[in-house]
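Visitor: attaching a predicted model along with its sequence, questions to come.
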Amino acid sequence: MPAVELHVHLEGTLEPELIMALAERNRVELPYADLDDLRSRYSFTDLQSFLDLYYANMAVLRTAEDFHDLTTAYLARAREAGVRHAEVFLDVQAHTGRGIRAAEVIDGVTSALATGGDHGITTGLIVTFLRHLPGAEALATLQELLTLDAPLLGVGLCSTELTSHASEFAPAFDLARAHGLHAVAHAGEEGPPQNVWDVLDILRVERVDHGVRAMEDPVLVRRLADERVPLTVCPLSNVRLRVVDTIADHPLRTMLEAGLVVTVNSDDPAYFGGYVDENLRQVADALALGPEELLTLARNGVESAFVDDARRAELDAEVTAWHRGLVTHS
Ligand code: HPA
Ligand SMILES: [Zn+2]
């Protein structure tokens, strides 16, 4: 299925093998005996238990070349997964906070994203502010990125939902909007439906990342459906971070039936057991999604992407051709 990926953290595509290779290249001491020992840590009890490992592993990312290699590896794997357009998240503050210059990070990532065409993928870069850090630091980070003329598509918000209020980040989101940037935010993953209301009303986001817990609030569901606010859902992530018990318990089908603009995404595929193709396969199997439901998911991705009309028409044509083949051959 030709896919649009709207919720993937570049740092979450850092595969264990690349962690070990970069540790050696950069002479970074890791607290793991070997690859198997590292892999044995990939069992999570909640979002925070994942974030602890995710941030710790970023220690191996030091130079523009590292960020370039990470991004190139993602593009190659994404192409295999059927991705035709990807809007990737980058946690710039997780790197500047370790003494890496923002310019180093941005240079490495954007030089690789510029080769997306070689993989048949159009791309966009969304800088995600870290919600566990003060709102003033998000604002300062964006100001620096604007000074650097970083080619940004938008801004987002991620990390723990439980320790701060969305309003802290309003100045950063307002500045982003004033510069014509798009706005998205994680909400309703570990946090309650109120967090979704807050990012809609206070940060004025155009898409909600995750948003699965919106299902606990029927008035919110009606609003999201009426306003066609896309939700970038990540099924394997939700299972691995215990937002849902099993893939068969995932509310994705119910969300579609409620008229929500749901898309399927990989979040942190190196940590959660699969890229977007595997997310689609597992959710389709477990929830018995047929060709029409898969078509809706694919079309939702195209509708929700921050692309111009010409690119949207191309993506739409690919999806239509794929669906025609699927129906003809079934
Ligand atoms: O699933 C997530 N939630 C919040 N922050 C994140 N940062 C990477 N992945 C995630
Ligand atoms: Zn995420």
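Guide: Arrived safely. Everything numeric in this text was worked out from a predicted model, so none of it was measured. Ligands and ions are numbered 1, 2, ... in the order given.
Visitor: contacts, neighbours, all on C-alpha from now
Guide: Noted.
Visitor: what about the strands in the stretch 51-200 of the chain?
Guide: 83-90, 122-130, 154-158, 182-187 (DSSP state E, counting those that start in this stretch).
Visitor: just the element for the closest residue to Val262 other than its chain neighbours, please.
Guide: Nearest non-adjacent residue to Val262, counting by Cα to Cα, 6 or more residues apart in numbering: Leu231, 5.0 Å away. Using DSSP states H and E, Leu231 maps to strand 230-233.
Visitor: and that strand, does that touch ligand 1?
Guide: No. Strand 230-233 is not in contact with ligand 1 by Cα under 6 Å from any ligand atom; minimum separation 9.8 Å.
Visitor: pairing partners for that strand, with directions?
Guide: Its sheet considered, strand 230-233 pairs with strand 207-210 (parallel), strand 261-264 (parallel) by DSSP bridges.
Visitor: quick one on the thing from earlier: can I get the strands of the stretch 51-200 of the chain in a markdown table with mean pLDDT, distance to ligand 1 and mean neighbour count?
Guide: Below are those laid out as a markdown table (pLDDT from 0 to 100; distance: least, Cα to the nearest ligand atom, whole Å; neighbours: other Cα atoms under 10 Å):
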| stretch | mean pLDDT | distance to ligand 1 | mean neighbour count |
| --- | --- | --- | --- |
| strand 83-90 | 98 | 9 | 24 |
| strand 122-130 | 98 | 8 | 24 |
| strand 154-158 | 99 | 4 | 24 |
| strand 182-187 | 99 | 6 | 26 |
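Visitor: can you add distance to Thr296 and give the ones you listed back as CSV?
Guide: Formatted as CSV, those follow (distance: least, Cα to Cα, whole Å):
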stretch, distance to Thr296
strand 83-90, 16
strand 122-130, 21
strand 154-158, 25
strand 182-187, 21
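Visitor: circling back to that earlier point, how much space between the residue nearest to Val262 and ligand 1?
Guide: Using Cα to the nearest ligand atom, to the nearest Å, Leu231 is found at 13 Å from ligand 1.
Visitor: ok, that residue - how many residues close by?
Guide: Look at Leu231: counted by other Cα atoms under 10 Å, it has 30 neighbours.
Visitor: residue contacts, it?
Guide: With contact set as Cα atoms under 8 Å, 6 or more residues apart in numbering, Leu231 has these partners: 207-212, 260-263.
Visitor: okay, the residues you listed in JSON lines with neighbour count and distance to ligand 1 next?
Guide: Output for the contacts of Leu231, formatted as JSON lines (neighbours: other Cα atoms under 10 Å; distance: Cα to the nearest ligand atom, whole Å):
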{"residue": "Arg207", "neighbour count": "25", "distance to ligand 1": "15"}
{"residue": "Val208", "neighbour count": "27", "distance to ligand 1": "12"}
{"residue": "Asp209", "neighbour count": "27", "distance to ligand 1": "8"}
{"residue": "His210", "neighbour count": "28", "distance to ligand 1": "8"}
{"residue": "Gly211", "neighbour count": "27", "distance to ligand 1": "11"}
{"residue": "Val212", "neighbour count": "29", "distance to ligand 1": "12"}
{"residue": "Leu260", "neighbour count": "23", "distance to ligand 1": "20"}
{"residue": "Val261", "neighbour count": "25", "distance to ligand 1": "19"}
{"residue": "Val262", "neighbour count": "29", "distance to ligand 1": "16"}
{"residue": "Thr263", "neighbour count": "30", "distance to ligand 1": "15"}
